[in-house]
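A.B. asks: everything below, folded, please.
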Amino acid sequence: MSSEKIIVFIKIVENSASLQSLILRKLNQNDRLSKIRKELENSVIDDMLFFSKKVNDEFGVLKYEEEENFYLKDVIDDQNILYLKRVYWKFLSNQHKLDYGRIMSFDGIKIANKQAYSINECELDEIDSYKKGRLEFESKEDWIKKTNLFVDVDGINITNFAKLGLSVRSLRDKSFNNEVMSAYKYIEIGKVSLKFNKEDLKLTEEFKNDVVNAIKSKNSEEGFEKITDDYGQFIPTEVILGGRIYFKDIKKLLANSEDTSNDASVNIGIGSSNANVGFNFNNSETTSKFYNFNHIGLLGGKHPDDENFDEKAWIDSLKDYQNWDCIEFKNPISIFQLLSFDDLPDDLPDNLPNDLQDSRKKIYKSLGNKILYTSTEECEYFLNKPGRFRTFELKNIPRNILQIVYDKKADIYATIYDTNENSKNVFFNCKILREPGAKPSIIIHGIQKEFKQCRYKLKIKIMIIGYDTDFNPILSDTSVELIKNVYDPQNSCEFYSIPLKQKLDSMLEKNIPFFGIPVLENFDLRMNKHVVEMNVF
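C.D. replies: So this is what the prediction gives:
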């Protein structure tokens, strides 16, 4: 291979596509770009300049890790012009691995091991904000959410990921309970905001292949669990970079310590799992990093561990973008939400419906039905005459779950009970009423052998079962089989005539639970008949 050097004209392309004056260097066109970078790094190139190739007035950019696979001759043009493009956001993305999924955990946010997607474009805004604030926690989920850098955001997706971060160990840890009752003061310096549109996120072939294999697998659920372990649970579509420092709120710490053990200890993870700071809630200041250094968590910036906190020095260190860290995530989406119709092949299992419109449906169909939601509601029931019934509207179902019900991808089950001993002679029966365009409701009948006026405070246990269209990672892994049978109540229909995939005796012997409920499309007593759908799981 020739070692002869040629004259190369170097042009630096800014984000605005403007070109700086030419820089001349003698370089070996047979050298790898990784070597060329080392030659130029002291005089021409820096961490924010990327090798680029111009095609049809557009500039393609190589990632750092690709430079070892390309030679200089691969990117210079016929006039020996080498383009270096300054891509501010791309450097920050590479430095903080923003093209990798994230996982919420008790120990702080974790970065996935495998790359599920690449970022083609990004909206970058310089914010240069300064904020002082105080963090308090309303629940364990709120603690997980805020210590995993979702500070000023809310919503069902955030709550779901936060619940997933609560391990069994953390739920039983008394010190963790104390930590939830604590509070932090913090100083935050926001430098830039990076926003990603779903259209600018492209899935990797490896990720798509793993999804296909999981769908084809006999145990799809286990396959998708491994995918989230490898590629992450979610993608934050907005990231704030800068610095944040946390201080323990002394007043609240002392107030809470009166009710806690003197030797309880806990490791607190703030932000990334690599930024954990361990300390003891005891009276010995010499063993506590918190008491020694007067702060417990540092994200971004530089500060000596053996000195008192110097706010000015820390803020000055954030003038260097290489000292920035992720300090807040917003608007997360599941990694599976990036899948499009063209991402999966046609040779999927025969048991999947043929009329599926997109690949996301193929995924949640392959995972089967899940218990999406459970709750217990209270209902006052006044039985003042024979035949009276009570209609109970389901008002408290979360909007995202209700939408799945409206889309006919989930079904509602309910049972009624009363703990009052006086109601033991009353049998309560319920049906689901799903009239078109209306919220689902429950029709409750109180049945007595001998009628007697009475008033009851009933409890309604509600369960919604269906397809997990949001790819919620915390749902129960219990396999649920739904059976629907539509019939006309004018014709006799015994329970034993409902077609089950397993024999009833076999289900009883194996202690497999099953439950059925009538579902009505209308409940007009003036009509002689109404369509009934019997759902069984």
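A.B. asks: so what are the domain limits for this protein?
C.D. replies: Per the record, the chain has its domains at 5-86, 94-335, 368-536, by automatic domain parsing.
A.B. asks: which one of those domains is the most hemmed in?
C.D. replies: Of all the domains of the chain, domain 94-335 carries the top mean neighbour count, a mean of 17, counting by mean count of other Cβ atoms under 10 Å. Heads up, the C-betas are built off the backbone N, CA and C, glycines and all.
A.B. asks: now the domains of the chain as JSON lines including mean pLDDT?
C.D. replies: Shown next, in JSON lines, are those (pLDDT from 0 to 100):
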{"stretch": "domain 5-86", "mean pLDDT": "85"}
{"stretch": "domain 94-335", "mean pLDDT": "72"}
{"stretch": "domain 368-536", "mean pLDDT": "73"}
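A.B. asks: need the contact partners of stretch 65-85.
C.D. replies: Residues outside stretch 65-85 that contact it (Cβ atoms under 8 Å, 6 or more residues apart in numbering): 6-13, 27-34, 36-37, 44-45, 49-54, 59, 61-62.
A.B. asks: phi, psi of F515?
C.D. replies: Main-chain dihedrals, F515, degrees, to the nearest 10: phi -150, psi 140.
A.B. asks: that older thread, mind listing which of the contacts of stretch 65-85 are in helices?
C.D. replies: Of the contacts of stretch 65-85, the ones assigned to helices by DSSP state H are L33, S34, I36, R37.
A.B. asks: give the contact list for the first one.
C.D. replies: Which is L33. Applying Cβ under 8 Å, 6+ apart, the residues contacting L33 are F51, L62, E67, E68, F70, Y71, L72, D74, V75.
A.B. asks: skipping adjacent residues, who's closest to the second one in space?
C.D. replies: Leaving aside its chain neighbours, L62 sits nearest to F51 (4.7 Å; criterion: Cβ to Cβ, 6 or more residues apart in numbering).
A.B. asks: that neighbour contacts V61, doesn't it?
C.D. replies: Yes: taking Cβ atoms under 8 Å as the definition, F51 is a contact partner of V61 at 7.5 Å.
A.B. asks: who are the neighbours in contact with Y417?
C.D. replies: For Y417, the contacting residues are F428, L458, K459, K461, by Cβ under 8 Å, 6+ apart.
A.B. asks: swap in E380?
C.D. replies: Taking Cβ under 8 Å, 6+ apart, one finds R455, Y456, K457, L458 in contact with E380.
A.B. asks: beyond the helix or strand harbouring it, next helix or strand please.
C.D. replies: Assigned by DSSP states H and E, E380 belongs to strand 369-383. Next along the chain after strand 369-383, taking DSSP H and E as the criterion, comes strand 389-393.
A.B. asks: what angle do strand 369-383 and that next one make with each other?
C.D. replies: For strand 389-393 against strand 369-383, the angle by axes from the mean of the first three to the mean of the last three Cα atoms, to 10 degrees is 140 degrees.
A.B. asks: and strand 389-393, C-alpha only, in PDB?
C.D. replies: Provided in PDB are the C-alpha atoms of strand 389-393 (Å, rounded to 0.1, in the frame of the first residue of the first chain):
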ATOM      1  CA  PHE A 389     -81.400  -2.200  39.100                       C
ATOM      2  CA  ARG A 390     -78.600   0.300  39.500                       C
ATOM      3  CA  THR A 391     -76.500   1.600  36.600                       C
ATOM      4  CA  PHE A 392     -72.900   2.400  37.600                       C
ATOM      5  CA  GLU A 393     -70.900   4.300  35.100                       C
END
